[in-house]
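1. Predicted structure and sequence below. I'll ask about it afterward.
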Amino acid sequence: MRALIRSQTKRSKWIMSATGLLAAINFFAFVFASGYLGGDALSGYVQEGHYFLCNHGACTEVGQSVWTYSYWHALSALGGIFLIVLELAIFITIGDIVLDFNTKT
């Protein structure tokens, strides 16, 4: 069974489009930065005052400021995805988005 959007207000379209665009730009910037830096802080670790970014088992030592940047950028990328899901739930709850579960495919 698939759910399709039966109706959606202009307000919800505008807000979700803006959030989606910003979240996508931030996510792809995070992917690019992680590739450039050799990994990300969420996959990395800190050991005895040394900071490491990791990606698929390969780790790169970086300074504390780079590790901190990577950590917060990773959280903001995940937060953008969470925000889209939260907005969708709110708009469905208040009726700005109406789903139709009775569709034939």
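-> Looks like it came in fine.

2. From here on, just use CA atoms for contacts and neighbour counts.
-> Noted.

3. Which neighbouring elements make contact with the helix or strand harbouring His73?
-> Using DSSP states H and E, His73 sits in helix 64-94. Packing partners of helix 64-94 (3 or more C-alpha pairs under 8 Å, 6 or more residues apart in numbering; DSSP states H and E): helix 10-37, strand 40-47, strand 50-55, strand 97-100.

4. buried set for stretch 27-37?
-> By neighbour count with 16 or more other C-alpha atoms under 10 Å, stretch 27-37 contains the buried residues 27, 30-31, 34, 37.

5. which residues touch that stretch?
-> In this structure, residues lying in contact with stretch 27-37 by C-alpha atoms under 8 Å, 6 or more residues apart in numbering are 40, 53, 60, 70, 73-74, 77-78, 80.

6. quick one: which two of these are the most distant?
-> Between any two of the contacts of stretch 27-37, the greatest separation by C-alpha to C-alpha is 26.2 Å, found for Thr60 and Gly80.

7. Among these two, which residue is more densely surrounded?
-> Gly80 (20 against 14; other C-alpha atoms under 10 Å).

8. Now do the same contact list for the more buried one.
-> So Gly80 contacts 19-20, 22-23, 26-27 (C-alpha under 8 Å, 6+ apart).

9. looking at the protein, which helix or strand does the model trust least?
-> strand 4-8 (a mean of 84; mean pLDDT, DSSP states H and E).

10. What does the pLDDT read for Gly57?
-> Gly57 is assigned 87 on the pLDDT scale.
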